[in-house]
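K.L.:
coordinates only, no sequence provided:
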């Protein structure tokens, strides 16, 4: 069996990032807070004395089981680079929303930003969509999309 479970985001300010995803993008607390340390975590991460804490948030559109967005913070962290849509590695989290422009306004009011323009695209099969790349309040890239 293979089952997608969660995506992890390492935050400079996990409480602020949790609040952002709850207010701006409809994630919900489900009582899964973590405060982890120990020899097993040191071995798994390759970081001696690793300590991380944070919370799992239920992603919108799913039942109370999974998948979740795991927002964690380590005691010691590496700096992140500037947000870019074409940066190697994981590119972005995507959320389907009813209204891209209204959600973008909410994202920005909660401390997020905008990378590019709001665009409308039509696919060869006739489907149409509205897209924009935004950022959360810590600079992680978030795609907002709406299908017509």
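P.N.:
Received it, and whenever you're ready, just let me know what you need. Since the structure is predicted, the reported quantities are computational estimates derived from the model, not experimental observations.

K.L.:
please tell me how far the residue nearest the centre of the chain sits from residue 54.
P.N.:
Taking C-alpha atoms, centre = their mean as the criterion, residue 93 is the residue nearest the geometric centre of the chain, at 5.2 Å. Residue 93 sits 16 Å away from residue 54 when distances are taken as C-beta to C-beta, to the nearest Å. Yep, even glycine has a C-beta here, placed from its N, CA and C like the rest.

K.L.:
and residue 103, by the same measure?
P.N.:
According to C-beta to C-beta, residue 103 and residue 54 sit 24 Å apart.

K.L.:
what is the mean pLDDT for the helix ranked longest in the chain?
P.N.:
Looking across the chain with DSSP state H, the single longest helix is helix 14-25. Computed over helix 14-25, the mean pLDDT rounds to 96.

K.L.:
that one packs against which elements?
P.N.:
Here helix 14-25 touches strand 28-37, strand 51-58, strand 68-74, helix 100-109, going by 3 or more C-beta pairs under 8 Å, 6 or more residues apart in numbering; DSSP states H and E.

K.L.:
circling back: excluding covalently adjacent residues, which one is nearest to the residue nearest to the centre of the chain?
P.N.:
Nearest non-adjacent residue to residue 93, counting by C-beta to C-beta, 6 or more residues apart in numbering: residue 142, 5.3 Å away.

K.L.:
surely the one you found touches residue 96?
P.N.:
No: Residue 142 lies out of contact with residue 96 (C-beta atoms under 8 Å); the separation is 11.9 Å.

K.L.:
more neighbours, the two?
P.N.:
residue 142 (24 against 14; other C-beta atoms under 10 Å).

K.L.:
list the helices and strands the host helix or strand of residue 42 packs on?
P.N.:
Element membership of residue 42, judged by DSSP states H and E, is helix 39-45. Of the remaining helices and strands, none touches helix 39-45 by 3+ C-beta pairs under 8 Å, 6+ apart.
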